[in-house]
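1. sequence isn't available, so here's the structure alone:
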Ligand SMILES: [Mg+2]
């Protein structure tokens, strides 16, 4: 059977993305570590992801922007892992399908989320992924996120394969998967129920349970 790479948020973890409050808390913790107390306007920018604004504010405040970014990413990972352990964010029941597939074929986890969190989630859900790739805790790492194919290509290179399937819940997953030369599976969840199907998705499914049969037909 073919290599199957999975998106994380919205495929393994319930909901489409990290709660913005996790990043707000992470930015505050990083600023506290760096012993700076920015204006409310600047703090609001630090809590978001606009690299240009963050770089400008760091320069104005005499803070190493790379260090701030790395600290914020680390605290965001810790916050996310705490939420998972506390059951505030759940795992989709149908990840059992990924666990079964892992016994039969090569599987990977490739996400725009932080690499540290991807590693945590792989362990937390107990799936023996052959490759796990999330974003690096740098400005450059952030720019390599999907719809860029970079992290999917990294995973394929790690595995030494050029063909396979990418399974995701958003348009950018289909764009990135296609750009990396893969077939794509678009999975419907509550949060994307009413979205238009990405026109170039190979297959559309109502959940992961139907994935093994769909893979047979590709
Ligand atoms: Mg997703």
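-> It's in. Being a predicted model, the structure only gives us computed values, none of them experimental.
2. and the longest strand seen in the chain, what does it pack against?
-> When the chain is scanned for its longest strand (criterion: DSSP state E), the result is strand 107-114. The contact analysis (3 or more Cβ pairs under 8 Å, 6 or more residues apart in numbering; DSSP states H and E) places strand 107-114 against strand 4-6, helix 65-85, helix 115-125, strand 131-135, helix 150-159. Where you see a C-beta, it was placed from the backbone N, CA and C, and this is true even at glycine.
3. export these to CSV and tack on distance to the ion?
-> Compiled in CSV, the helices and strands packed on strand 107-114 are given as follows (distance: least, Cβ to the ion, whole Å):
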stretch, distance to the ion
strand 4-6, 9
helix 65-85, 14
helix 115-125, 12
strand 131-135, 12
helix 150-159, 13
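4. quick revisit: what angle separates the longest strand of the chain from helix 65-85?
-> Our comparison of strand 107-114 with helix 65-85, counting by axes from the mean of the first three to the mean of the last three Cα atoms, to 10 degrees, yields an angle of 120 degrees.
5. now do the domain split for this protein, please.
-> What the record gives for the chain is the domain set 4-15+91-217, 20-85, from automatic domain parsing.
6. got the end-to-end distance for the first one?
-> The one in question is domain 4-15+91-217. 14 Å (Cα to Cα, to the nearest Å).
7. begin at 664 from now on, thanks
-> OK, 664 is where the count begins now, so the last one is domain 667-678+754-880.
8. report the distance from that domain to the chain centre.
-> 9 Å (Cα atoms, centre = their mean, to the nearest Å).
9. circling back: for the longest strand of the chain, which strands pair with it and how are they oriented?
-> strand 667-669 (parallel), strand 794-798 (parallel) (DSSP bridges).
10. these into TSV, with extra columns for mean neighbour count and mean pLDDT?
-> Formatted as TSV, those follow (neighbours: other Cβ atoms under 10 Å; pLDDT from 0 to 100):
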stretch	mean neighbour count	mean pLDDT
strand 667-669	26	98
strand 794-798	22	98
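11. any chance of those strands in JSON lines, plus distance to residue 720?
-> What follows is the strands paired with strand 770-777, written out as JSON lines (distance: least, Cβ to Cβ, whole Å):
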{"stretch": "strand 667-669", "distance to residue 720": "36"}
{"stretch": "strand 794-798", "distance to residue 720": "21"}
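12. of all the domains of the chain, which gets the most neighbours per residue?
-> domain 667-678+754-880 (a mean of 18; mean count of other Cβ atoms under 10 Å).
13. what's near enough to touch the residue in the chain positioned nearest to the ion?
-> Closest to the ion within the chain is residue 673: 3.5 Å, counting by Cβ to the ion. By Cβ atoms under 8 Å, 6 or more residues apart in numbering, the contact list for residue 673 reads 679-680, 831-833, 850, 852, 854-855.
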